[in-house]
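# Here's a sequence, model it:
(one chain, ligands or ions: 1)
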Amino acid sequence: METIKIKALRGGEFLIKEQDPMNIFTPEDYSEEQLMMKDMVNDFVDNYIIPNKEKIEGLDLELTKELLTKAGEFGLLGTAFPEEYGGSMQDFVTNMLLTECMSKSGSFSLSIGAHTGIGMLPILYFGNEEQKSKYLPSLIEGTQYAAYCLTEPGSGSDALAAKTKAILNEEGTHYILNGQKMWITNGGFADVFVVFAQIDGTQFTGFIVERDWEGVSTAAEEKKLGIKGSSTRQVFFENVKVPVENVLGEIGKGHKIAFNILNIGRIKLGAGVIGAAKLVADHAVKYANERLQFKKPISSFGAIQHKLAEQAIRIWCCESAVYRASNDIRLKEHASQEEGQTLSQALLGAAEEYAIECALMKVWGSEVLDYVVDEGLQIYGGMGYSEEAPMAAAYRDARINRIFEGTNEINRMLSVDMLLKKALKGKIDLMSPAMAIQKELTSMPSMAKAEGKYGRELEMVKNMKKMFLMVAGATVQKFMTELEHEQEILMSMADVMGDIYVSESALYRAIKISETQGEEKGAIYMDMARIYMDDAMERCSLNARRTVCSWAEGDMLRTLVMGVKRYAKYIPINSKNTRRRIAKAVIDANEYCF
Ligand SMILES: Cc1cc2nc3c(=O)[nH]c(=O)nc-3n(C[C@H](O)[C@H](O)[C@H](O)COP(=O)(O)OP(=O)(O)OC[C@H]3O[C@@H](n4cnc5c(N)ncnc54)[C@H](O)[C@@H]3O)c2cc1C
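Numbering: from 1, shown residues only. Model (predicted):
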């Protein structure tokens, strides 16, 4: 596979360092091979899923199983798995791209995603050779199906509080498993379950459990708000005899499996929602062009153009960040393998390195999709509320993404927590840049105008970072370890982090397009980056002020608020005209065209 030589930053370092935009991976860099694979998944979705959509959404699980087998025949279940088990082991970016394409298949994307992701990956990454050889080939073929059982009625976000118990029998041959899992995707038909349980009530551990074993049963299908064609059930374990050979990974280290798999799941979700959002944006512009009111297509109205433009802006900017992070993971994985790490160690380590970006992309992607479906429904007017049109289902289906793979609240808190822990361990130097900013604040602000073609924009991103470092530095100093109890502040800090990452990724991508394809071609992309950044600057400044106002007083408060003002200073662009240009591009193309 063609590789692009890019020097990545370490995870979280985007907050303190700049990169050469030409050194950023963007979707414009997909190789021929990646584009061919993309076409293959698109063809699969068009030929096998779309014609069966109604039946799938009606929860025809036999059909879902058949289609998973069909996907196996096309090699679509093994793209993240080595050849020795029947896979084709594509790189990380390719797998993200394929996830994006598959997400256009509605509920089926959940079934295939849970099977190949949270269901199968723990076996690849944490299984021993025997376990991998036993389970992976049939799962990759699609003759068996997988599910992941972590959540319980009493433990969701607090996953480690699971009560399911595993007790070693007297002979030392089997663990006796008892407990109840909830919300298990593919629960209705999975043959293989990755289950987490406490050995002797204290050692959180992973197990591979087969559906056919005595004592495994499932409840009826959950009646859900959306993704109605995805099987979701409770799974019960009653004195299930699990052979000791089926312990997954190390005893007492189940949290490593659970959390590491989630890192990958989060960025994968970020890629998936981009695909779903593009589909919704496509429907929205087609409808807006067709629907006449006051003798004109509704796409001719400024209010609708604003929505069409904003859908495109948010999708494109978020996509820029998702693939930048995905490629950083790919590079890290590659480098680790070259240093002699096994595939599992390398990929897990890479996803862990960029766990902050993974968490942010999960939050951003899911919220972009929610925005896009909400405005998509609005563009459809009354038809948006009808099951006859695609928006009602899209609206319901989108909502789950803010809940699973760690709720967005948990992911926001995690992203800040992980950053501070990295700083504490000396893996990222937040202190020196924070001190430099304190010094800068005591000096006179420079009146010099930002130089260069993209000077204004590059300066804006730099200032967002300074604002973050100033506010975060002072806030951490104030609360120290007590910061974890100030969740409102953590939410605001995470929002600033995400806005910085997405703004910078979009800007770098727009610059790269302008520099490689010419400024004329790059203009519309620069428009999108600029709109996003202007709005992001307003949000960052609000979040920064909210943060400091929640604890600082007197001179300290005045100094920090002045600092926020100083870094939030920019001359806004004409957002109305800019959005109109973006909307025009989408309206003329009659599809999401970026
Ligand atoms: C359709 C569907 C499919 C799913 N598939 C699977 C699957 O295949 N396997 C699996 O194991 N699980 C699965 N889940 C479970 C999912 O991961 C959990 O629902 C999710 O982690 C949230 O847990 P919870 O529902 O218990 O909510 P809770 O943890 O009870 O959270 C409720 C609310 O409180 C907030 N909250 C919780 N703790 C904190 C805190 N410390 N600070 C601030 N706010 C907090 C949350 O953000 C949320 O807003 C699925 C869920 C659904 C709905």
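
# What is the burial count for whichever residue of the stretch 451-594 of the chain sits closest to the ligand?
Closest contact between the stretch 451-594 of the chain and the ligand, by CB to the nearest ligand atom, is at Gln487 (5.7 Å). All C-beta atoms are positioned from the backbone trio N, CA, C, and that covers glycine. As a burial measure, Gln487 scores 13 neighbours (other CB atoms under 10 Å).

# For Tyr175, which three-state class applies?
strand (DSSP: H, G, I helix; E, B strand; the rest coil).

# in the sheet, who's paired with it?
Leu168, Val242 (DSSP bridges).

# By mean pLDDT, point me to the weakest helix or strand of this protein.
helix 431-441 (a mean of 89; mean pLDDT, DSSP states H and E).

# Tell me the helices and strands packed up against that helix.
helix 455-479, helix 554-567 (3 or more CB pairs under 8 Å, 6 or more residues apart in numbering; DSSP states H and E).

# Buried deepest among these, which one?
helix 455-479 (a mean of 21; mean count of other CB atoms under 10 Å).

# if we can go back for a sec, adding distance to the ligand, write the helices and strands packed on helix 431-441 out as CSV.
Formatted as CSV, the helices and strands packed on helix 431-441 follow (distance: least, CB to the nearest ligand atom, whole Å):
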stretch, distance to the ligand
helix 455-479, 16
helix 554-567, 26
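
# Including distance to Arg396 and mean pLDDT, could these go into a markdown table?
Listed next are the helices and strands packed on helix 431-441 as a markdown table, based on distance: least, CB to CB, whole Å; pLDDT from 0 to 100:
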| stretch | distance to Arg396 | mean pLDDT |
| --- | --- | --- |
| helix 455-479 | 35 | 96 |
| helix 554-567 | 39 | 96 |
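
# show me what contacts the residue of the stretch 451-594 of the chain closest to the ligand?
Each residue near Gln487 by CB atoms under 8 Å, 6 or more residues apart in numbering is listed here: Glu409, Met413.

# residues touching the residue of the chain found nearest the ligand, list them.
Proximity of the chain to the ligand (CB to the nearest ligand atom) peaks at Gly156, 1.7 Å away. Neighbouring residues of Gly156 by CB under 8 Å, 6+ apart: Trp183.

# one more time with 7 Å
Not one residue lies near Gly156 by CB atoms under 7 Å, 6 or more residues apart in numbering.

# Confirm for me that Arg291 is in contact with Phe301.
No - using CB atoms under 7 Å, Arg291 is not in contact with Phe301; the gap is 10.5 Å.

# tell me, what's touching the two both at once?
Common neighbours of Arg291 and Phe301 (CB under 7 Å, 6+ apart) do not exist.

# which other residues reach stretch 232-248?
122, 126-127, 130, 149, 164, 166, 173-185, 187-188, 193-194, 205-209, 213-219, 221-222, 224, 257.

# Contact partners for Ala277?
Ile315, Val368, Leu369, Val372.

# I figured the second one was touching Arg314, is that so?
Yes - at 4.5 Å, Val368 and Arg314 qualify as touching, with contact defined as CB under 7 Å.

# picking up where we left off before, output the contacts of Ala277 as TSV; include the columns pLDDT.
Listed next are the contacts of Ala277 as TSV, based on pLDDT from 0 to 100:
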residue	pLDDT
Ile315	98
Val368	98
Leu369	98
Val372	98
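
# For ChimeraX, write a command that selects the buried ones of those residues.
A single ChimeraX command selects the buried members of these (16 or more other CB atoms under 10 Å):
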select :315,368,369,372
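
# Greatest separation within the contacts of Ala277: which pair is it?
Ile315 and Leu369 (8.7 Å; CB to CB).

# circling back: so can I have a markdown table of the helices and strands packed on helix 431-441 showing distance to Ser109?
A markdown table is the format used below for these (distance: least, CB to CB, whole Å):
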| stretch | distance to Ser109 |
| --- | --- |
| helix 455-479 | 33 |
| helix 554-567 | 41 |
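
# which residues are contacting stretch 47-63?
Taking CB under 7 Å, 6+ apart as the rule, stretch 47-63 contacts 64, 67, 70, 105-108, 188-189, 221, 228-229, 231.

# So which bits of the stretch 351-500 of the chain are right by the ligand?
Within the stretch 351-500 of the chain, the positions adjacent to the ligand are Ile400, Ile403, Phe404, Thr407, Glu409, Ile410, Gln487 by CB under 6 Å from any ligand atom.

# got it, and the chain?
So far as CB under 6 Å from any ligand atom goes, the chain lies against the ligand at 114, 148-151, 156-157, 183-185, 224, 232, 400, 403-404, 407, 409-410, 487.

# Let's see that with 8 Å instead.
110, 114, 118, 147-151, 155-159, 181-187, 222, 224, 227, 230, 232, 400, 403-410, 413, 487 (CB under 8 Å from any ligand atom).

# among those residues, which are in helices?
Members of the residues of the chain next to the ligand lying in helices (criterion: DSSP state H): Leu110, Ala114, Asn408, Glu409, Ile410, Met413, Gln487.

# would you turn those into CSV with pLDDT and distance to Glu388?
Formatted as CSV, those follow (pLDDT from 0 to 100; distance: CB to CB, whole Å):
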residue, pLDDT, distance to Glu388
Leu110, 98, 23
Ala114, 98, 29
Asn408, 98, 31
Glu409, 98, 35
Ile410, 98, 37
Met413, 98, 41
Gln487, 98, 42
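
# Any of these buried? List them.
Leu110, Ala114, Asn408, Glu409, Ile410, Met413.

# for the least confident helix or strand of the chain, the distance to its chain's centre please.
Chain-centre distance of helix 431-441: 32 Å, with CA atoms, centre = their mean, to the nearest Å.

# and the direction of it versus that of helix 455-479, what angle?
When axes from the mean of the first three to the mean of the last three CA atoms, to 10 degrees is applied, the directions of helix 431-441 and helix 455-479 differ by 110 degrees.

# Okay then, goodbye and thanks.
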